[in-house]
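Student: A structural model of the following input is requested.
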Amino acid sequence: MKPGTMWQMMGGTNVRSVLKALDLMEPVHRAAWLGAAIRHGVLARLAEAPATLDELAESLAPEPSGRAGLRAWLRHGILLKELRLRDGRYHLSGALGRLLADPDNDGLAGYMEALMGLHARGVGGVLDRLKEGETYSVADLDGPLIARTSELLGPVLREEIDRAVSTSGATALLELGCGSGHYLRYACERNPELTAVGVELDFGVADAAASAMEWHELADRARIVAGDLRTVTLDRTFDVVTLFNLLYYFPVEQRRDVIAAAAGHVAPGGQLVLGASCGGGTLANNMLDIWFSSMAECGPLPKPDAVVAALEAAGLSADKPRRALPGESYFVFVGRRS
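Tutor: From the prediction side, this is the model:
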């Protein structure tokens, strides 16, 4: 190729901008490849043992017509240095791929899947919807994937439980939107005298959480109730009530009622601990704002001042909001009942 032709292909005097654009290809392809490899079990399979094309094709491309496409896809992994081919077998090669294959890093693996799913659909697809006068729906979200990525916040939420729950002494805890019951178990293990109730809207998830309590021999201390946190009747109050990562699933005009319902379960001298992503922050946080702002059932991420005002309107004394993640707009709010 003539130097002049190369110069033209590289944008001529715009060569730096062209190179910057081309630099996007590798990280985007890596995220897309790793996300697919996680979703379809390729990383987990190769973490157990290297495999041939035919062995991988049994689950990934069972029809003979799919072998060529699978081979090309695997070669992409080699080009990205996530795989290597030796003696006819594909091996995990990249440090990131090996890290994501570890079950202990499932939250991070979920995040990688979400990059090319929830993130790409939210950032890359929202204008297609808005131009047609359409919105997203909660049904468009991948609930199990969101639950996995939420585990990345686990250390933050466990720290908040440590703040609110002492290691001894009779304490009653209520978790609204308890999901799998992970944080209920953590609190029970932290304080052997603690008793807890978890409320979960999804009946299937509630059943699974109850089974988990039995498995961990905590059923006598932690009870799971299937119901709507806005209307559930528990006939008692609690020393600590938690509401994590749920506020923005409700329309803006209903959020005060949600906080009031949560506050209604707080005993005298008790506290409501609320964790929520708020408007602003990093790319990841603003991606959430794109999704929820574009949902008919939800609305923009809350503003800290609005949450504080709702806590006070519910009869609680609100602490100053605490930014739980440096540089991020994830806040923890504490409302106390005198």
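
Student: in this protein, which ranges drop under the pLDDT threshold?
Tutor: Filtered on pLDDT under 70, the chain yields the residue ranges 1-15, 18.

Student: can you give the domain ranges for it?
Tutor: Structural domains of the chain, as assigned by automatic domain parsing, span the residue ranges 3-101, 150-336.

Student: in CSV, list these along with distance to residue 120.
Tutor: Quick note: C-beta positions are derived from backbone N, CA and C, even for glycine. Listed next are the domains of the chain as CSV, based on distance: least, CB to CB, whole Å:
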stretch, distance to residue 120
domain 3-101, 8
domain 150-336, 10
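
Student: which one, of the ones you listed, ends up nearest to residue 109?
Tutor: domain 3-101 (4.6 Å; CB to CB).

Student: would you mark the buried spots in the longest helix along the chain?
Tutor: Within the chain, and with DSSP state H defining each element, the longest helix by residue count is helix 25-39. Applying a neighbour-count criterion of 16 or more other CB atoms under 10 Å, one finds 30, 31, 32, 33, 34, 35, 36, 37, 38, 39 buried in helix 25-39.

Student: for that helix, packing partners?
Tutor: Here helix 25-39 is seen to pack against helix 42-48, helix 67-79, helix 95-101, helix 106-114 when contacts are counted using 3 or more CB pairs under 8 Å, 6 or more residues apart in numbering; DSSP states H and E.

Student: ok, 6 Å please
Tutor: Contact analysis of helix 25-39 by 3 or more CB pairs under 6 Å, 6 or more residues apart in numbering; DSSP states H and E lists helix 106-114 as its packing neighbours.

Student: the helix it packs on vs helix 25-39, what angle?
Tutor: Between helix 106-114 and helix 25-39, the angle formed by their directions is 120 degrees, by axes from the mean of the first three to the mean of the last three CA atoms, to 10 degrees.

Student: which residues touch helix 106-114?
Tutor: Surrounding helix 106-114, the residues in contact under the criterion CB atoms under 6 Å, 6 or more residues apart in numbering are 34, 35, 38, 39, 100, 145, 148, 149, 151, 152.

Student: what is the neighbour count of the closest residue in space to the first one that isn't next to it in sequence?
Tutor: Using CB to CB, 6 or more residues apart in numbering and skipping residues adjacent in sequence, the residue nearest residue 34 is residue 112, 5.2 Å away. Applying other CB atoms under 10 Å, we find 26 other residues in the vicinity of residue 112.

Student: one step back: out of the domains of the chain, nearest to residue 130?
Tutor: Using CB to CB as the measure, domain 150-336 is the one of the domains of the chain that comes nearest residue 130, at 7.0 Å.

Student: just the endpoints, please. Distance across the closest one?
Tutor: For domain 150-336, the first and last residues are 26 Å from each other (CA to CA, to the nearest Å).

Student: grab the longest strand from this protein for me.
Tutor: Determined from DSSP state E, the single longest strand within the chain is strand 266-277.

Student: next structured bit after that one?
Tutor: The helix or strand immediately downstream of strand 266-277 is helix 283-293, counting by DSSP states H and E.

Student: distance from that following helix to the middle of the chain?
Tutor: Mean-position distance between helix 283-293 and its chain equals 12 Å (CA atoms, centre = their mean, to the nearest Å).

Student: and that helix with helix 106-114, angle?
Tutor: What separates the directions of helix 283-293 and helix 106-114 is an angle of 60 degrees, with the same axes, to 10 degrees.

Student: give me the angle between helix 283-293 and strand 266-277.
Tutor: Orientation of helix 283-293 against strand 266-277 (the same axes, to 10 degrees) gives an angle of 110 degrees.

Student: helix 283-293 packs against which elements?
Tutor: Applying 3+ CB pairs under 6 Å, 6+ apart, we find helix 283-293 packed against helix 120-131.

Student: I'm done for today, thanks for sticking with me.
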